[in-house]
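Colleague: here are the coordinates; sequence isn't available:
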């Protein structure tokens, strides 16, 4: 009986160590993706132009681990008062590793009331998804989310 | 052929932020997949979605092949006046679907 607690802690320590190792592995495999692929960078340039793209104010909600890339729920929320003088005019969602970089673009004005939309997307690979919001003052803000995909869209026929 | 489900609250107060949910039946074939015979399946997607409130466009979305089959879109708008909302989806192969919903604003 007296051995049980020690066994448990040892087991807990081992699983903890394994989880940390797995976490490090995931981090290592995701890290190179921060070098944004060329096609996506080109699209970002056409959207943003010469204006600076700042991080923040855009929250992109995607599950961090996706089993089926054919249908991935996505919600984009932008921090904006949505008044006639200060509102979001467009939100563009882009991806790095699908066959093409566009996902969805929405256009709105202050009558949208809440700068928030939900849809479902396809992801062809483990990758980073970026949302860019254009504000009525012409500034651009971005938010991003890394997604691990186990069954990719596009490749399988369902 | 194609069908759409639209969820608009039937009643609202002036200035309320209402949520509109839309779901349309469409394969959203990407143009990148290979069929059983090895041929590339031609692209067939919905390209644009617009929502007009009493004739004024209030929301527009541009879809790409990366939008999942049977596109779902939920968004918000301000309830301004009693009237109709017109939803219009257009896409490849002359796809066109128009649906309307009415809302009472008091």
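Modeller: Sure thing, it's come through. Note that this is a predicted model, so its numbers are computed, not measured.

Colleague: C-alpha only now, for contacts and for neighbours.
Modeller: OK.

Colleague: so what's residue B:49 up against?
Modeller: B:60, B:61, B:62, B:63, B:87, B:88, B:89, B:90 (C-alpha atoms under 8 Å, 6 or more residues apart in numbering or on different chains).

Colleague: could you say which helix or strand contains it?
Modeller: In this structure, residue B:49 is located in strand B:46-53 according to DSSP states H and E.

Colleague: quick one: that strand to chain centroid distance?
Modeller: Mean-position distance between strand B:46-53 and its chain equals 6 Å (C-alpha atoms, centre = their mean, to the nearest Å).

Colleague: Show the subsequent helix or strand relative to that strand.
Modeller: Read in the C-terminal direction, the helix or strand following strand B:46-53 is strand B:56-63, with elements assigned using DSSP H and E.

Colleague: in that following strand, what's buried?
Modeller: B:57, B:58, B:59, B:60, B:61, B:62, B:63 (16 or more other C-alpha atoms under 10 Å in any protein chain shown).

Colleague: The strand holding residue B:49 pairs with which strands?
Modeller: Sheet pairing here is set by DSSP bridges, and for strand B:46-53 it gives strand B:56-63 (antiparallel), strand B:83-91 (antiparallel).

Colleague: Let me have those strands in JSON lines, extended by distance to residue A:140 and mean pLDDT.
Modeller: Compiled in JSON lines, the strands paired with strand B:46-53 are given as follows (distance: least, C-alpha to C-alpha, whole Å; pLDDT from 0 to 100):
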{"stretch": "strand B:56-63", "distance to residue A:140": "18", "mean pLDDT": "94"}
{"stretch": "strand B:83-91", "distance to residue A:140": "28", "mean pLDDT": "95"}
